[in-house]
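Asker: Build me a model from this:
(one chain, ligands or ions: 1)
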Amino acid sequence: MRTLLALLLAAAPAAAAPGAGARAESLLRRMTLSEKLGQLQQLGGPVGGGPELVELAAEGRLGSTLNVRGAKALNAIQRAAVERSRLKIPVLFGFDVIHGYRTVFPIPLGLASSWDPALVERAARLSAREAYADGLRWTFSPMVDVARDPRWGRVAEGAGEDPFLGAALARAYVRGYQTSDPSAPGTLAACAKHWVGYGAAEGGRDYNTTEISERTLRQVYFPPFKAALDAGALTFMSAFNDLDGVPASENRFTLNEVLRREWGFRGFVVSDWDAVAQLIAHGVAADGAQAAREALTAGVDMEMDSRLYGAHLPALVKAGRVPLRTVDEAVLRVLRVKEALGLFAHPYADETAAAGPPDAAARAQAREAAVRSLVLLKNDGTLPFPKTVRRVAVIGPLADDAAAVLGSWRGDGRDSEAVTILDGVRAALPGAAVSVATGVAVTGGTDAGIAAAAAAAKDADAVILVLGESGDMSGEASSRAHPDLPGRQLVLAEAVLAEGRPTAVVLLNGRPLIVPELAARAPALLEAWQPGTEGGDAVADALFGDADPGGKLTMTFPRALGQVPLYYDHKNTGRPFEAGNHYTSKYLDESNDPLFPFGWGLSYTTFALRDLRLAPARIRRGGRTTASVTVTNTGARAGDEVVQLYLHRTASSVTPPVRQLEGFSRVSLKPGESRTVSFPLGPKELGFVGVDEKWTVEPGRVEVFASTCSVGGLEAGLSVAP
Ligand code: NOJ
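Answerer: Next up, the predicted model:
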């Protein structure tokens, strides 16, 4: 099947082998212009579909839908397309399956904190199966935008700030959704989004302008997309942002030159929602006709939601202002993907197989994913709480908030099926007296409930303070100018902490939060993200020591907003900070250091690294070596460590980052156990985008670091001979 897919997507249309893409060619020959443009139209609908979509499908004027769900509703549209339309071309049904469908996994930023691509792949696999059972065949995921600004609410949807980790997880999502045979039942087409640069929105304000040099695009923003493509992603989504003055949804350079010509992408590109029409607001198109022409000719094949292709391309083609060949190429791309998905052979969903509530296996998988996503930011020994505690207080506005556990883009996830932190604590300690106090609202509100919350804390042997953001405070259109603990939550925390009881703060949030005061005062701080359906159970597993939190941050937590953008792979500058030297790169009123760096995360046990070796330690340009390091669990409990490998090039023709992640491995070790992990280093890891915008490896010395965080660790030197 891999071969069929490869043929479908790789063969030039004219050279398509019979049976592989030939159907697309033969259909194209018989299509009217209206039918062709129909294939390029994606329309959003109410969940239940509706008469307009059915009619358009019957007329051959609907290529795809989004947001309609359920086998019955989708089959009604499909029947119109396959049984009533002239050419019987099936419709492709899409939806945002971002971190689960009915079973909700942690938000992608949380899943990324697991540093476990296999876990992410399994999560995507289950999500695909559940969504497929509801009739869906395409997800608008993974979002592989590198993001370095916690104000941007969509950091929740991605893997964080690092391109190497982002690429590894991009591959995992695509493999999980599509498998090696996207025509098999239970698979979805993946969509790498948002192509490209969307994560660099100025000021962290969603949809805002981006300015990114070609080198930074190639070095930082492109790699996760390339990884998604190499893993077989059948579709890409063009982004909302303008990039160096050219909107991403009419950007010939990124769409046609890089994605298609340079990388050889043979799937199709769908615009983001209304992004074709938004070319007018961007100020690059005078009207709908110009917007349609610009987008299509720049390489946007399918139009999401707006209807400008259908409205204007007939006249534009007739007038010779858009070549028919351009329309045909877009249609062929769409048809080939439909073929690769097996839609012609199996257009219908099984109406008896709808996704039900998560079963025990799905829950176990979601719980494991949530546990592995937890990041223990701070612990003075308060955690884990002994399971013998008799009186527990669960305090805070998010203590029993199912929506905050599920987060944004929750698919078909239901509040009623989610385990809140309170539920999880109760289930973990059936014999204990559990008191609950909300204290304050997430945002706004008064301090009236704080005294009762403090009283509850005073009476408890263990206090769990659940703070953070509500489920809708991150995700799309949810930027925050003050990405800190909202409302009166810090006041609540201070009052509760003042009681001096053993207290752990559990954070539920969709972005790094700027919480220096809380981090200074709280004895223990557990970052749980928005952990999904089984979030409460997973948090309780960690709080009471049934599980060891072993996740690591994939986005820096700043100390102050004024430091943003703050990311570990920054440049050194010509005047790196030097204490006591005024004219070095620094702030007068804040340190350069983050609150918690990229790669940070504690465990209930301790680990030590030794014997970082490079074999060989001298290579020729273009050669390969292997770095290996031994990690030992030096504590008394079993636990996980994420061994991280970073490089720093010295004397390079382009200023190098102070460190750049080029390898990682999460290992589970029993007390006293050791493991040696190895990382291959070749041209891919040792190279960079040179002055000519091309990948290059230069001779010189490369510093190699093995560490458990982006700071510190062991160092070895690699010499690359000319
Ligand atoms: C807009 C979002 O930017 C995109 O990520 C999503 O896939 C589409 N809407 C469809 O819901």
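
Asker: how about the residues of the protein that lie near the ligand?
Answerer: By C-beta under 6 Å from any ligand atom, the residues of the chain that approach the ligand are 66, 96, 140, 193, 272, 273, 476. Where C-beta positions appear, they are placed from N, C-alpha and C, glycine not excepted.

Asker: Tell me which of these fall in strands.
Answerer: Per DSSP state E, strands hold the following members of the residues of the chain next to the ligand: 66, 193.

Asker: For residue 639, which residues are in contact?
Answerer: 548, 550, 603, 604, 605, 607, 633, 668, 669 (C-beta atoms under 8 Å, 6 or more residues apart in numbering).

Asker: what pLDDT does it get?
Answerer: Looking at residue 639, its pLDDT is 98.

Asker: coming back round to it: neighbour-wise, give me the winner out of the contacts of residue 639.
Answerer: When neighbours are counted by other C-beta atoms under 10 Å, residue 550 leads the contacts of residue 639 with 30 neighbours.

Asker: and the closest residue to that one other than its chain neighbours, how many neighbours does it have?
Answerer: Leaving aside its chain neighbours, residue 550 sits nearest to residue 640 (2.9 Å; criterion: C-beta to C-beta, 6 or more residues apart in numbering). For residue 640, the neighbour count with other C-beta under 10 Å is 24.

Asker: Checking residue 640 next. Helix, strand or coil?
Answerer: strand (DSSP: H, G, I helix; E, B strand; the rest coil).

Asker: residues in contact with it?
Answerer: 372, 548, 550, 603, 666, 667, 668, 669.

Asker: okay, those in CSV with secondary structure and pLDDT next?
Answerer: Conversion of those to CSV gives the following (DSSP: H, G, I helix; E, B strand; the rest coil; pLDDT from 0 to 100):
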residue, secondary structure, pLDDT
372, helix, 98
548, coil, 97
550, coil, 98
603, coil, 98
666, strand, 98
667, strand, 98
668, strand, 98
669, strand, 98
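
Asker: Residue of the protein nearest the ligand, please.
Answerer: The chain approaches the ligand most closely through residue 140 (3.4 Å), counting by C-beta to the nearest ligand atom.

Asker: Surely that residue touches residue 95?
Answerer: Yes. At 7.3 Å, residue 140 and residue 95 qualify as touching, with contact defined as C-beta atoms under 8 Å.

Asker: Overlap in contacts, the two.
Answerer: residue 66.

Asker: any low-confidence regions in the protein?
Answerer: 1-20 (pLDDT under 70).

Asker: For the one residue sitting closest to the centre of it, give me its contacts.
Answerer: By C-alpha atoms, centre = their mean, the chain has its centre lying nearest to residue 158, at 2.2 Å. Each residue near residue 158 by C-beta under 8 Å, 6+ apart is listed here: 108, 109, 112, 142, 143, 144, 145, 146, 147, 166, 199.

Asker: again, 7 Å this time
Answerer: 108, 109, 143, 144, 145, 147, 199 (C-beta atoms under 7 Å, 6 or more residues apart in numbering).

Asker: same check, this time on residue 399
Answerer: By C-beta under 7 Å, 6+ apart, the neighbours of residue 399 are 421, 422, 436, 438, 466.

Asker: same thing with residue 659?
Answerer: 568, 569, 646, 648, 705, 710.

Asker: and the helix or strand containing residue 128, what does it pack onto?
Answerer: In this assignment (DSSP states H and E), residue 128 forms part of helix 117-133. Contacting helix 117-133 under the criterion 3 or more C-beta pairs under 7 Å, 6 or more residues apart in numbering; DSSP states H and E are the following elements: helix 163-178, helix 360-373.

Asker: Now tell me what touches it from outside.
Answerer: Residues from elsewhere that reach helix 117-133 (C-beta under 7 Å, 6+ apart): 95, 97, 100-103, 105, 111, 139, 168-169, 171-173, 175-177, 185-188, 353-355, 362, 365, 369, 372.

Asker: Please state the backbone phi and psi of the nearest residue to residue 358 once chain neighbours are set aside?
Answerer: The shortest distance from residue 358 to any non-neighbouring residue, by C-beta to C-beta, 6+ apart, is to residue 103 (4.0 Å). The phi/psi pair for residue 103 (degrees, to the nearest 10) reads phi -80, psi 120.

Asker: just the contacts of residue 639 now: which is nearest residue 286?
Answerer: residue 550 (55.3 Å; C-beta to C-beta).
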